[in-house]
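1. Quick one: sequence and predicted model below, then my questions.
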Amino acid sequence: MPAKLPAPTTITTMSPSESVALLTAAVAAVIAIGVFIAGQVLTFLASRRERRRLLVVRMIDIIDDLVRRQSIPAMIRNWKNADIELALVQSRLAMDLTKRELVIADWVWGQTQRVFLSTTKSEYVELTMAVSSRLVQWHRGAIGLDWFVEDLRRNPVQPDFRIPNSVGWKRNFGAIGETITLLGLVALVLNGVTRVIF
């Protein structure tokens with residue numbers, strides 16, 4: 001039996017209107033994909049900005065609490081160790097930052113070391129407020145990551161940091177002075193009240 005030859009194939013061409021319809025559909029698909037990708041990028045950037053804002057707000061809240069705590073008389077606030085709170089802030093910050101932004105956590109740790117070495121209330125408040133201010137500037141875009149890198153070059157983090165005993169003694173003497181002043185004021189008030197009553 002002779003082999004059957006395949007049926008000849010016919011080549012069909014598209015009409016011009018079919019070509020235009022196919023091209024229009026392809027362009028529409030490319031535009032839809034582009035709009036989807038742009039939407040995803042904008043959503044990512046918005047969530048990143050919101051994450052940064054929440055991070056800075058949390059840091060500022062903690063720093064504000066620490067600064068307010070310094071206005072409490074020493075004999076009342078002594079059981080609350082602000083240095084530990086400040087060290088924990090740095091850890092929280094490092095956890096929330098991206099790998100590229102970790103230089104900020106390093107900078108905050110360096111500033112925390114400076115705060116740990118402060119011996120007066122005014123110096124403590126000034127240093128913690130500077131941290132707060134720089135974080136706000138970073139959030140607003142006024143300073144970039146390169147500012148933190150440059151400041152770390154000028155004031156590097158001490159790898160094996162320890163608070164010297166002399167700092168503790170100076171702080172304790174300052175706290176004793178505050179306590180004596182507070183007790184003196186209370187004594188004056190009580191003396192005045194007792195004179196009025198009796």
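-> Sure thing, it's come through.
2. any idea of the mean pLDDT for stretch 67-81?
-> The average pLDDT for stretch 67-81 rounds to 66.
3. where exactly do the helices run in this protein?
-> 16-69, 74-77, 82-96, 102-116, 121-140, 145-154, 165-197 (DSSP state H).
4. pull the helix or strand with minimum mean pLDDT from this protein.
-> Taking mean pLDDT, DSSP states H and E as the measure, helix 74-77 is the helix or strand of the chain with the lowest mean score, a mean of 63.
5. Please give the number of neighbouring residues around Ser132.
-> 19 (other C-beta atoms under 10 Å). Bear in mind the C-beta positions are built from the backbone N, C-alpha and C, glycine included.
6. wait, what's in contact with it?
-> Residues in contact with Ser132 (C-beta atoms under 8 Å, 6 or more residues apart in numbering) are 59-60, 63-64.
7. Type out the PyMOL command that picks the buried ones from those.
-> A single PyMOL command selects the buried members of the contacts of Ser132 (16 or more other C-beta atoms under 10 Å):
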select buried, resi 59+60+63
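8. JSON lines please, covering the contacts of Ser132 and showing pLDDT and distance to Leu88.
-> Below are the contacts of Ser132 laid out as JSON lines (pLDDT from 0 to 100; distance: C-beta to C-beta, whole Å):
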{"residue": "Met59", "pLDDT": "81", "distance to Leu88": "11"}
{"residue": "Ile60", "pLDDT": "82", "distance to Leu88": "15"}
{"residue": "Ile63", "pLDDT": "81", "distance to Leu88": "12"}
{"residue": "Asp64", "pLDDT": "81", "distance to Leu88": "15"}
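9. JSON lines for the contacts of Ser132, including distance to Val193?
-> As requested, the contacts of Ser132 are arranged in JSON lines below (distance: C-beta to C-beta, whole Å):
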{"residue": "Met59", "distance to Val193": "43"}
{"residue": "Ile60", "distance to Val193": "40"}
{"residue": "Ile63", "distance to Val193": "38"}
{"residue": "Asp64", "distance to Val193": "35"}
